[in-house]
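A.B. asks: Below is the sequence, then the predicted model.
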Amino acid sequence: MTHEAIMEKLNEIFQDIFDDDTLVITENTTANDIEDWDSLEHINLVSAVEKAFGMKFRMQEVSGMKNVGEMADIIAARAEEPKPKKRGLFRR
Amino acid sequence: MKELEYPFDSSFLLQKRRKLKKALLADGSARMEKRIAVLGGSTTNDIVSMLELFLLNCGIQPVFYQSEYAQYWQDAMFDAPELAAFQPDLIFIHTTSRNITEAPLPLSASEQEVQDALERQYTHFTQMWEHLAATYHCPILQNNFELPATRLMGNRDGWDCHGMVWFISELNRKFGQYAAAHNDFYIHDIHYLAASYGLDAWHDNSYWYLYKYAMTLDAIPEFAYSLTRIIRSIYGKNKKVLALDLDNTLWGGVIGDDGQEGISIGQETAEAEAYTEVQEYCKAQKQLGVLLTICSKNEPENARLGLSHPDSVLHEDDFVAIKANWEPKDRNLVQTAAELSLLPESFVFVDDNPAEREIVSAQIAGIAVPEFQDPADCIRVLDHAGYFETTTFSAADASRSEMYRANAQRAQMQQTYANYTDYLLGLDMHADIRDFDAVALPRIVQLTNKSNQFNLTTRRYTQSEMEQVAADHKHIRLYGRLRDKFGDNGIVSVVIGEISGDTLHIELWLMSCRVLKRDMELAMLDTLVAECRKQGITAICGYYYKTAKNAMVKDLFGTFGFTKTEQFENGDSTWRMEIAGYENQNHVIQVNEKEHQQA
């Protein structure tokens, strides 16, 4: 997945979470740029991104991301790594 | 809204929350406002935002109070001024196993020390519940405890009193005993919910470390839905009827083509066993007070043939109405609802055919139409959707089906009388109309919270509020029970008036629609007037508050002989009657005979 494609997909998720079809994010977008992006909405956002890209952020990454560009970088890097095995038989 | 019906897509709901909320608020439907205080032992924000969606979807407009992070006990015990000012209608205490402070104990602890710890932990909660109940007089919802993600001693954790699994199980048992002994106290069973979800998935600890969520984010919609089941049951929003298709829903195969011997029911094949369990599940719901009806495209004699199969669990007399014909199903459902004096939206329509489901859910607003793939799936969906969540259960619930069947017999008898008054006299009706008492109170509360059509003010009361009214000498209260030659209808009417000087203001007047047109309302009025005279009251003021469902009583006070004193643009009206020249209006029901005999 190219960086561009990742950004495009991220933009859709941001539009959904903040319910704003006109929202356009860039590499430099931070929580300060989006009014509703508070610490609670951040949880939802991170979870939606994880599902959309089939990956999970590590704990230090969740609190450490400076802007959307860094988020996209982590997604791209994670796509290169081998997938971890699913935990447990009954995991949904 | 389809997206919010069980089974829903949790990720979708979390991601589209804002859009869904906007759509719900814009749909123009009338909702009752409820003030819900959420006292959390962990983060509650997403629980509240999901709960809001589900409640809006079932006709409740919630206003929330949330305690500061993990301040549930302080808020409750030290009477937080914000909480007091909020005046909650309902309090939800969101604690989880993360909030257990007395366990685990070291293996060196004696059994007595463990029991003491258990008691301390339990008292920590009971003190709080009792304080909240005494302060706020409103329903309390309390989570029990989910099993832990890990077990230090492995399997031994469950039976050794030093194990966390043992401790949680004991604590849950104590919570259950408290619920059994207290009205208006409800356990939200997250012990079951977490197990049903899968404990490993539920306990995604990164959500705890990062955000202090006591469960994984994806489980929160299911958690909120489970809470919604209890809340909508408390506020009378449960469904009442299971309308069942026959072919490939209650048995395998098509009775019209395959014949009685050809349908799958019984224990002979896997498929037959699955359908048998579907029937058993429906029958068990009936015993809890759910009404069963048939809505099937079939010849009526074929429907009867299928139900008389020797292995059939359900029989013709389990159903309060059977519609087996070739009319569109939505039309049959509306007709059945009219015959039972119920609203179509109180129905759950169960049909294996997606096309029928589609038509019915498009044609009948508010009806529940569960989606399922096969009979095994059917039970799970019906069960987890929680249409009939049983928060209260009275003797009347167990015999509800019989009452509705007796109504069908009354309808038949009516056809043999030319004159309606003769018919009413022929019913041999006897009523007990009395002040509230402790035995009747649960049914009074239940009826008050679910009556929509014959209800002048649609005012709702919790158990505690009703207890306060019952103890207050400024109120006149009556409940009415009606029986006739076909059976006992149970408690069917409730009237509450508030005394102000020499005037009685009617704040509640309602009646169950199953006794419409029996002059029961006149018997209630006669008794009310008699009670007013006893207390020196000279006038009664009546109030009609228009809702989407109570048009049938907009002129009730007029037919009673009240004069309209004001008509408002929104449809509300006020009425007044001087009782000096009042003469009894009921001539067909014998009222309170036992007392008369004694006198």
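C.D. replies: Sure, I can see it.
A.B. asks: residue closest to the middle of chain A?
C.D. replies: A:V49 (3.7 Å; C-alpha atoms, centre = their mean).
A.B. asks: Just list the residues touching that residue, thanks.
C.D. replies: By C-beta atoms under 8 Å, 6 or more residues apart in numbering or on different chains, the contact set of A:V49 is A:L10, A:I13, A:F57, A:M71, A:I75. For the C-beta atoms, the positions are set from N, CA and C on the backbone; glycine is no exception.
A.B. asks: list the buried ones in the host helix or strand of it?
C.D. replies: Element membership for A:V49 (DSSP states H and E) is helix A:39-53. Residues A:41-53 are the ones in helix A:39-53 that count as buried (16 or more other C-beta atoms under 10 Å in any protein chain shown).
A.B. asks: Please state the offset of it from the chain centre?
C.D. replies: 6 Å (C-alpha atoms, centre = their mean, to the nearest Å).
A.B. asks: thinking again about what came up before, so which of the contacts of A:V49 belong to helices?
C.D. replies: When DSSP state H is applied, these are split such that A:L10, A:I13, A:M71, A:I75 fall in helices.
A.B. asks: ok, the first one - contacts?
C.D. replies: Applying C-beta under 8 Å, 6+ apart, one finds that A:L10 lies in contact with A:I25, A:V49, A:V68, A:M71, A:A72, A:I75.
A.B. asks: Look at it and report its pLDDT.
C.D. replies: Looking at A:L10, its pLDDT is 95.
A.B. asks: just to revisit the earlier point, redo the ones in helices among the contacts of A:V49 as CSV? Include distance to B:T96.
C.D. replies: As requested, those are exported to CSV (distance: C-beta to C-beta, whole Å):
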residue, distance to B:T96
A:L10, 33
A:I13, 29
A:M71, 30
A:I75, 32
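A.B. asks: farthest pair in those?
C.D. replies: A:I13 and A:I75 (11.1 Å; C-beta to C-beta).
A.B. asks: okay, these two: which has more neighbours?
C.D. replies: For A:I13 versus A:I75, neighbours defined as other C-beta atoms under 10 Å in any protein chain shown are more numerous around A:I75 (22 against 18).
A.B. asks: And the pLDDT for that one?
C.D. replies: 93.
A.B. asks: Please look at it and A:K56 and confirm they touch.
C.D. replies: No - between A:I75 and A:K56 there is no contact under C-beta atoms under 8 Å: 10.8 Å.
A.B. asks: Quick check: A:F14 vs chain B, distance?
C.D. replies: To chain B, A:F14 is 11 Å away according to C-beta to the nearest C-beta, to the nearest Å.
A.B. asks: quick one, what contacts that residue?
C.D. replies: Per C-beta under 8 Å, 6+ apart, neighbours of A:F14: A:L23, A:I25, A:I34, A:L45.
A.B. asks: Look up how far B:G501 lies from it.
C.D. replies: In this view, A:F14 and B:G501 are 63 Å apart by C-beta to C-beta, to the nearest Å.
A.B. asks: before we move on, the earlier item: considering the ones in helices among the contacts of A:V49, which is situated nearest to B:A470?
C.D. replies: For the ones in helices among the contacts of A:V49, the nearest to B:A470 is A:I13 (54.3 Å; C-beta to C-beta).
A.B. asks: I figured B:A243 hits B:F349, correct?
C.D. replies: Yes - taking C-beta under 8 Å as the definition, B:A243 is a contact partner of B:F349 at 4.9 Å.
A.B. asks: and for these two, which residues touch both?
C.D. replies: B:C295, B:L333.
A.B. asks: Looking at the two, which is more packed in?
C.D. replies: More neighbours surround B:A243 than the other of B:A243 and B:F349, with 29 against 24 (other C-beta under 10 Å).
A.B. asks: Quick one: low-confidence residue ranges for chain B.
C.D. replies: Scanning chain B for pLDDT under 70 picks out the ranges B:595-599.
A.B. asks: Strands of the stretch 1-150 of chain B, start to end?
C.D. replies: In the stretch 1-150 of chain B, the strands defined using DSSP state E, counting those that start in this stretch lie at B:32-40, B:60-66, B:90-94, B:140-143.
A.B. asks: The shortest one: which residues count as buried?
C.D. replies: Neighbour-count burial for strand B:140-143 flags B:I140, B:L141, B:Q142, B:N143 (criterion: 16+ other C-beta under 10 Å).
A.B. asks: Would you convert those into TSV that also reports distance to B:K21?
C.D. replies: Below are these laid out as TSV (distance: C-beta to C-beta, whole Å):
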residue	distance to B:K21
B:I140	27
B:L141	22
B:Q142	27
B:N143	24
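A.B. asks: Between these, which sits nearest B:Q287?
C.D. replies: B:L141 (25.8 Å).
A.B. asks: hang on, isn't that closest one packed against B:P88?
C.D. replies: No - contact between B:L141 and B:P88 fails when scored by C-beta under 8 Å: they sit 11.0 Å apart.
A.B. asks: Contact residues of the stretch 51-200 of chain B facing chain A?
C.D. replies: B:Y197, B:G198, B:D200 (C-beta under 8 Å from any C-beta of the partner chain).
A.B. asks: For chain B, what lies in contact range of chain A?
C.D. replies: B:11, B:14-19, B:22, B:45-46, B:197-198, B:200-201, B:206-207, B:209-211, B:213, B:217-218.
A.B. asks: Can I have the buried ones of those as a ChimeraX selection?
C.D. replies: Applied in ChimeraX, the following selects the buried portion of those according to 16+ other C-beta under 10 Å:
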select /B:11,14,15,16,17,18,19,45,46,197,198,200,201,207,210,211,213,217,218
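A.B. asks: Take the residues of chain B next to chain A and keep only those in helices.
C.D. replies: B:11, B:14-15, B:17-19, B:22, B:45-46, B:197, B:200-201, B:206-207, B:209-211.
A.B. asks: Please name every helix or strand in contact with the helix or strand hosting B:Y225.
C.D. replies: Secondary-structure element containing B:Y225, defined by DSSP H and E: helix B:220-234. When contacts are defined as 3 or more C-beta pairs under 8 Å, 6 or more residues apart in numbering or on different chains; DSSP states H and E, helix B:220-234 packs onto helix B:10-15, helix B:45-57, strand B:90-94, strand B:140-143, strand B:185-188, helix B:190-197.
A.B. asks: And the contacts of that helix?
C.D. replies: Here helix B:220-234 has contacts from B:6, B:8, B:10, B:13-14, B:34, B:36, B:46-47, B:50-51, B:53-55, B:58, B:60, B:90, B:92, B:139, B:141, B:186, B:188-190, B:193, B:197, B:213, B:215, B:238, B:386, B:389-391, B:449, B:462, using C-beta under 8 Å, 6+ apart.
A.B. asks: Can you tell me the strand partners of the helix or strand that that helix is followed by and which way each runs?
C.D. replies: Using DSSP H and E, the helix or strand that follows helix B:220-234 in sequence is strand B:241-244. Each strand paired with strand B:241-244, and its direction, by DSSP bridges: strand B:291-297 (parallel), strand B:347-350 (parallel).
A.B. asks: Give me the residues contacting the next helix or strand after the first one.
C.D. replies: I take that to be strand B:291-297. Once strand B:291-297 ends, the next helix or strand along the chain (criterion: DSSP H and E) is helix B:300-307. Outside helix B:300-307, the residues that touch it by C-beta under 8 Å, 6+ apart are B:246-247, B:250-251, B:255-256, B:259-260, B:263, B:294, B:296, B:298, B:312, B:314-316, B:322, B:324-325.
A.B. asks: same thing with stretch A:56-70?
C.D. replies: Under C-beta under 8 Å, 6+ apart, the answer for stretch A:56-70 is A:7, A:10, A:25-30, A:46, A:49-50, A:71, A:74, B:206, B:209-210.
A.B. asks: Also stretch B:180-196?
C.D. replies: In contact with stretch B:180-196 (C-beta under 8 Å, 6+ apart) are residues B:92, B:96, B:129, B:133, B:138-147, B:168, B:172, B:175-176, B:178-179, B:202-203, B:215, B:219, B:222-223, B:226-227, B:230, B:234, B:384, B:391, B:442, B:462-464.
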